[in-house]
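Asker: the following block contains a protein sequence and its predicted model.
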Amino acid sequence: MRIAVYCASSTKIHPDFFEAARQLGQEMGRRGIGLINGAGNMGLMAATSDACLAEGGEVTGVIPTFMVEQGWHHKGLSRLIETRDMHERKQTIANMNDGCIALPGGCGTLEELMEVITWKQLGLYLKPIVILNTRGYYDPLLQQLQRGIDEHFMGERHALIWRVAETPAEAIDLVLSTPLWDPNVRKFAAI
């Protein structure tokens with residue numbers, strides 16, 4: 001079992017975000033669940049990786065070569081995979097995981113989350129997607145997604161694409177308990 005974790009590399013964020021990232025990494029390490037992330041050496045990426053590794057867990061980082069050349073990669077991971085570009089990075093992470101958890105983050109995290117939600121809507125990704133809503137960070141996005149449903153840009157069934165957790169342990173439990181998305185989704189992807 002491997003879970004991808006999308007999250008920020010920022011270091012100037014509230015300590016609660018770091019604590020949730022550490023708890024998630026610890027819990028994954030304790031449960032023997034492999035962590036896959038973007039291999040960053042700071043922010044929530046590093047906090048999650050370090051906590052998982054400290055519990056004896058396995059962390060695979062996937063990062064484009066240009067970021068390695070900048071020295072942005074974590075040098076203590078179990079495995080480091082270099083990709084040609086960001087697109088290959090995201091596809092590699094999606095192919096390797098059994099589900100994903102989105103922690104709070106900036107544009108990159110939001111883009112990764114929205115892309116995997118879109119892939120699931122189109123039947124390109126069938127695995128669980130969990131949003132860890134620490135400090136209510138994702139409340140505006142969740143309201144926007146609901147508005148998309150209310151305004152018929154998405155169907156009611158599309159609200160089942162993602163699950164929302166309030167704690168790191170709940171996020172893992174949701175990944176483990178959420179069934180795969182219907183592979184016939186393309187038949188009802190259109191509104």
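Answerer: Looks like it arrived, so ask away.
Asker: who touches the top helix by length along the chain?
Answerer: Looking across the chain with DSSP state H, the single longest helix is helix 15-31. The contact list for helix 15-31, computed with CB atoms under 8 Å, 6 or more residues apart in numbering, reads 3, 5, 7-8, 34-35, 44, 47-57, 101, 103-104, 132, 134-135, 137, 167-169, 171-172. Placement of C-beta: from N, CA and C, glycine included.
Asker: burial measure for the closest residue to Arg135 other than its chain neighbours, as a count.
Answerer: Excluding its sequence neighbours, the residue lying closest to Arg135 (CB to CB, 6 or more residues apart in numbering) is Asp16, at 5.5 Å. Other residues within reach of Asp16, judged by other CB atoms under 10 Å, total 12.
Asker: any idea how far Leu145 is from Asp16?
Answerer: Using CB to CB, to the nearest Å, Asp16 is found at 23 Å from Leu145.
Asker: what of Gly99?
Answerer: Separation of Gly99 from Leu145 (CB to CB) stands at 19 Å.
Asker: who are the packing partners of the helix or strand just after the longest helix of the chain?
Answerer: Per DSSP states H and E, the first helix or strand lying C-terminal to helix 15-31 is strand 34-37. Packing partners of strand 34-37 (3 or more CB pairs under 8 Å, 6 or more residues apart in numbering; DSSP states H and E): strand 2-6, helix 15-31, helix 43-54, strand 59-64, helix 86-96.
Asker: measure how far stretch 118-126 is from the centre of its chain, please.
Answerer: 15 Å (CA atoms, centre = their mean, to the nearest Å).
Asker: buried subset of the contacts of helix 15-31?
Answerer: Buried subset of the contacts of helix 15-31 (neighbour count, 16 or more other CB atoms under 10 Å): 3, 5, 7-8, 34-35, 44, 47-53, 57, 101, 103-104, 132, 134, 137, 168, 171-172.
Asker: pLDDT below threshold where in this structure?
Answerer: For the chain, residues meeting the criterion pLDDT under 70 lie at 187-191.
Asker: so for stretch 152-170, what gets flagged as buried?
Answerer: Here stretch 152-170 shows Met154, His158, Ile161, Trp162, Arg163, Ala165, Pro168 as buried, counting by 16+ other CB under 10 Å.
Asker: return the subset of the residues you listed lying in strands.
Answerer: Trp162, Arg163, Ala165 (DSSP state E).
Asker: identify the bridge partners of the second one.
Answerer: With beta bridges defined as DSSP bridges, Arg163 has these partners: Val130.
Asker: so who does it touch?
Answerer: Applying CB under 8 Å, 6+ apart to Arg163 gives the contacts Pro128, Ile129, Val130, Ile131, Leu174, Thr178.
Asker: repeat the analysis, applying 7 Å as the threshold.
Answerer: In this structure, Arg163 makes contact with Pro128, Val130, Leu174, Thr178, judged by CB atoms under 7 Å, 6 or more residues apart in numbering.
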